[in-house]
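[1] structure for the following, please:
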Amino acid sequence: MASPSSRPCIALLGGSFDPVHNGHVALGNYFIELFAPDLLRVIPAGNPWQKDGLQAAPQDRVEMLRCAFDQQAIPVQFDLQEIERDTATYTIDTLRAIRAEIGAETSLMFLIGADQLQHLDTWQEWQQLFDYAHICAASRPGFAIDASQVSPAVTAEFARRAGTPEQIRNTPHGLSYLAENLAVDISATEVRAALNRGDRPEMLVPRRVLDYIEQHHLYKKLHGH
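    This next block holds a predicted model:
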């Protein structure tokens, strides 16, 4: 675990969270333990340009996040700027806005899961993300970053920028970190399929989130599909 520095440190966790599941919580917890940031800022996507329409309404996704992240070791803040943006959401715009808000000195870590890592080179201005934050990624169980699932460009960028927790905690942006021992392999698609069948996937989703989903009749079969 990185020893705390005098430099403030914020971890950002973005995603569509449709719904939030144990993989998201594990990703947040892993990096909280490793880096001891001062704050976890969770950023639900509004209109992600790479995904078809989201099933749950923005307000429901935010409430599910509150249920999932109600017992963290550090303060958690919910950042709704992507939901409130009228246009398509790009991570680069969000990071620029956060950096402008918090100033140049804060260490900013953007946390991504393996599924996001695999498509990172398709993101808008993905190499510029490092101008605003460190990128900390989880590898899927069973493969390292140089496997066929991650593009050579991303692999090279991660290798070139690789930093220790100490370095990341003590610089504002520009480094990468790959967690290869975070063995969580859950997809929201798999969770939605289980809910659609009427199952209660307690191994995949926090209990309070499942309660919320049931109370609000989310992810039920729609239009006979």
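[2] quick check: Thr91 touching Gln116?
    No: using CB atoms under 8 Å as the test, Thr91 is too far from Gln116 to be in contact (9.2 Å). For every residue, glycine as well, the C-beta is placed using N, CA and C.
[3] so Asp199 sits in a strand?
    No: read with DSSP: H, G, I helix; E, B strand; the rest coil, Asp199 is coil and lies in no strand.
[4] tell me the phi and psi of it?
    In terms of degrees, to the nearest 10, the main-chain angles of Asp199 are phi -80, psi 160.
[5] distance between stretch 200-208 and the chain's centre?
    Distance of stretch 200-208 from its chain centroid, counting by CA atoms, centre = their mean, to the nearest Å, is 19 Å.
[6] which one's more surrounded, Thr91 and Gln116?
    Under the neighbour definition other CB atoms under 10 Å, Thr91 and Gln116 were set side by side, and Thr91 has more, 24 against 19.
[7] Ala114 versus Arg85, what's the distance?
    Arg85 sits 26 Å away from Ala114, going by CB to CB, to the nearest Å.
[8] my bad, Arg207
    Arg207 is 24 Å from Ala114, where distance means CB to CB.
[9] before we move on, what about Arg99?
    Computed as CB to CB, the Arg99 to Ala114 distance reads 25 Å.
[10] which one of those two has more residues nearby?
    Shown here are Arg99 and Ala114; by other CB under 10 Å, Ala114 has more neighbours (22 against 17).
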